[in-house]
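>>> Can you look at this prediction? I've put the sequence above it.
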Number of protein chains: 2
Amino acid sequence: MSPRTEKQFENIREEKKNLIMNVALELFADEGFYGTTISKIAKKAGISKGLLYNYFESKDDLIRTIIFSGLDDLDEFIDPDRDGLLTGEELTFAIDKLFDLMKGDIHFWKLYFSLFMQTPVLRLVEGRLQEIVGKYISMLTAYFESRNCDDPEAEALIFGAMLDGIGMHFIANSVNFPIERVKKRLMELYAK
Amino acid sequence: MSPRTEKQFENIREEKKNLIMNVALELFADEGFYGTTISKIAKKAGISKGLLYNYFESKDDLIRTIIFSGLDDLDEFIDPDRDGLLTGEELTFAIDKLFDLMKGDIHFWKLYFSLFMQTPVLRLVEGRLQEIVGKYISMLTAYFESRNCDDPEAEALIFGAMLDGIGMHFIANSVNFPIERVKKRLMELYAK
DNA sequence: TTTTTTTGATTGAACGGTCAGTCAAATATA
DNA sequence: TATATTTGACTGACCGTTCAATCAAAAAAA
């Protein structure tokens, strides 16, 4: 004899969990993992500190859940049940969509890039991250193979690194970065 | 008279200061600024916690000194009293030297890349960092202008971002990264 | 040579503050 | 009333930082 139906509780829990995750993502991205306290997250989300521990086991569990969720979205973007092959036009489209993805979720991407160099936090998620990075490098390698490059793997690594570098600069300073001009030049270079 | 000459004391201080800075750089790069405690630094350096405060005012002062020192080296590398112009051959040479620089000081570069996304730590050094990044972008813009590119600034930003991206991947996983093949391809693309 | 004095480097216990995490009690609803 | 959510004071560990006391080495004195 629950006071609320199971469905009602589930909705409450889902909503609160998302609220906490969104607020925490923003703070982790802006202030870093160690610079963000549980109290700050709770305050900004308008809940108590204790409640957070009703939804997440620990601070580690919280950031791990946030990053895994974002990586799942990224995985979906990279490999949405496709044939694995990529034409020049598809690459144009993918580049366009990737930067839209970034623009729409700047906080996650800030966190994503900070991960690369932060060993202790990286350790929490490195398996899944490597899986995804590997997937996108091999997709690019296949693309450059199909275009008869001399060294498709090097080309793929350069292209992937370039996207990361541009993304990093874009996320670090999205106001001044001339993303449209850079995108145009990128497509001339690689998708024509 | 003094028990030791001024020169002797200076040498002792210089040596200890360098020891602390090297140990701290390594820890900051691996574990992050907030993940590194003063106790850890002292222990690894084989000194007491208190001694560190004889050489540095605070933890902030310590990392600021370390980063400024590295940025000065980078500045020296970018602009070693040169005419400002860059030929294709000089760019080839510069790329080569840049990756040597990275290989020789992986810890500093790890810290450098992590800076981009770490707002609170970035704030301690952002003025000097922007000065140097601006310098290298305008040098590249001049290079692409001299080669009659359609959009030299976009080209410079892409190239700069690419170097950062490649550097980031190289630093994150220097063992498996095929740096020589990537360098070769980079030179074909931009310096021929 | 041996002893005393002088110096700044060096130590580590101690301090105030902050953190992640806990838990007993209050609240809200069918 | 029964039950799951929610609260925030509380805890103990650990943080950066301080400082009175100690140490080691060299100059000066014996």
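Arrived safely, thanks for sending.
>>> Can you pull the domain assignment for chain A?
Here the domain parsing of chain A from automatic domain parsing is A:1-56, A:60-190.
>>> The longest one: end-to-end distance?
To tie it back to what came earlier, the one meant is domain A:60-190. End-to-end distance for domain A:60-190: 40 Å, by Cα to Cα, to the nearest Å.
>>> Tell me where the model's unsure across chain A.
Low-confidence regions of chain A, defined here as pLDDT under 70, cover residues A:1-9, A:12, A:80-85, A:192.
>>> Can you tell me which of the domains of chain A is most buried?
domain A:60-190 (a mean of 17; mean count of other Cβ atoms under 10 Å in any protein chain shown). Every C-beta, even on glycine, is put in place using the N, C-alpha and C of the backbone.
>>> packing partners for the longest helix seen in chain A?
If you go by DSSP state H, chain A has its longest helix at helix A:6-31. Judged by 3 or more Cβ pairs under 8 Å, 6 or more residues apart in numbering or on different chains; DSSP states H and E, helix A:6-31 is in contact with helix A:38-45, helix A:49-55, helix A:59-78, helix A:106-115, helix B:119-122.
>>> in chain A, what residue is nearest DNA strand D?
Among the residues of chain A, A:Gly50 lies closest to DNA strand D, at 1.7 Å counting by Cβ to the nearest atom of the strand.
>>> From A:Phe56, how far off is that residue?
As judged by Cβ to Cβ, to the nearest Å, A:Gly50 and A:Phe56 stand 12 Å apart.
>>> Check A:Gly134 too.
28 Å.
>>> next one: A:Ser69
Counting by Cβ to Cβ - A:Ser69 and A:Phe56 are separated by 12 Å.
>>> and if you look at A:Gly70?
16 Å.
>>> And for A:Thr87?
A:Thr87 is 43 Å from A:Phe56, where distance means Cβ to Cβ.
>>> rewinding a little: got the helices and strands packed on helix A:6-31 as a markdown table, with distance to DNA strand C columns?
Formatted as a markdown table, the helices and strands packed on helix A:6-31 follow (distance: least, Cβ to the nearest atom of the strand, whole Å):
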| stretch | distance to DNA strand C |
| --- | --- |
| helix A:38-45 | 4 |
| helix A:49-55 | 3 |
| helix A:59-78 | 4 |
| helix A:106-115 | 16 |
| helix B:119-122 | 12 |
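>>> could I get these as TSV with distance to A:Glu10?
TSV is the format used below for the helices and strands packed on helix A:6-31 (distance: least, Cβ to Cβ, whole Å):
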stretch	distance to A:Glu10
helix A:38-45	19
helix A:49-55	13
helix A:59-78	17
helix A:106-115	25
helix B:119-122	36
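>>> re the thing from before, and the longest helix of chain A with helix A:106-115, angle?
60 degrees (axes from the mean of the first three to the mean of the last three Cα atoms, to 10 degrees).
>>> from memory A:Val125 sits against A:Arg64, does it?
Yes: counting by Cβ atoms under 8 Å, A:Val125 touches A:Arg64, with 6.1 Å between them.
>>> got the contact list for the closest residue to A:Arg64 other than its chain neighbours?
Nearest residue to A:Arg64, sequence neighbours excluded (Cβ to Cβ, 6 or more residues apart in numbering or on different chains): A:Leu124, at 4.9 Å. Contacts here follow Cβ atoms under 8 Å, 6 or more residues apart in numbering or on different chains; on that basis A:Leu124 touches A:Asp60, A:Ile63, A:Arg64, A:Ile67.
>>> Pop out the phi and psi values for A:Phe33.
When read as degrees, to the nearest 10, the backbone of A:Phe33 gives phi -70, psi -50.
>>> got the contact list for it?
Contacts of A:Phe33 by Cβ under 8 Å, 6+ apart are A:Lys59, A:Ile63, A:Gln118, A:Val121, B:Gly32, B:Tyr34.
>>> want to throw those residues into CSV with distance to DNA strand D?
Below are the contacts of A:Phe33 laid out as CSV (distance: Cβ to the nearest atom of the strand, whole Å):
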residue, distance to DNA strand D
A:Lys59, 12
A:Ile63, 18
A:Gln118, 16
A:Val121, 16
B:Gly32, 11
B:Tyr34, 7
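>>> Switch these over to a markdown table; also include distance to A:His107.
What follows is these, written out as a markdown table (distance: Cβ to Cβ, whole Å):
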| residue | distance to A:His107 |
| --- | --- |
| A:Lys59 | 17 |
| A:Ile63 | 13 |
| A:Gln118 | 16 |
| A:Val121 | 15 |
| B:Gly32 | 19 |
| B:Tyr34 | 19 |
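>>> follow-up on the earlier one: roughly how far apart are the residue nearest to A:Arg64 and chain B?
Taking Cβ to the nearest Cβ, to the nearest Å as the measure, A:Leu124 falls 12 Å from chain B.
>>> which SS class is that residue?
coil (DSSP: H, G, I helix; E, B strand; the rest coil).
>>> From A:Met102, how far off is it?
Applying Cβ to Cβ to A:Leu124 and A:Met102 gives a distance of 22 Å.
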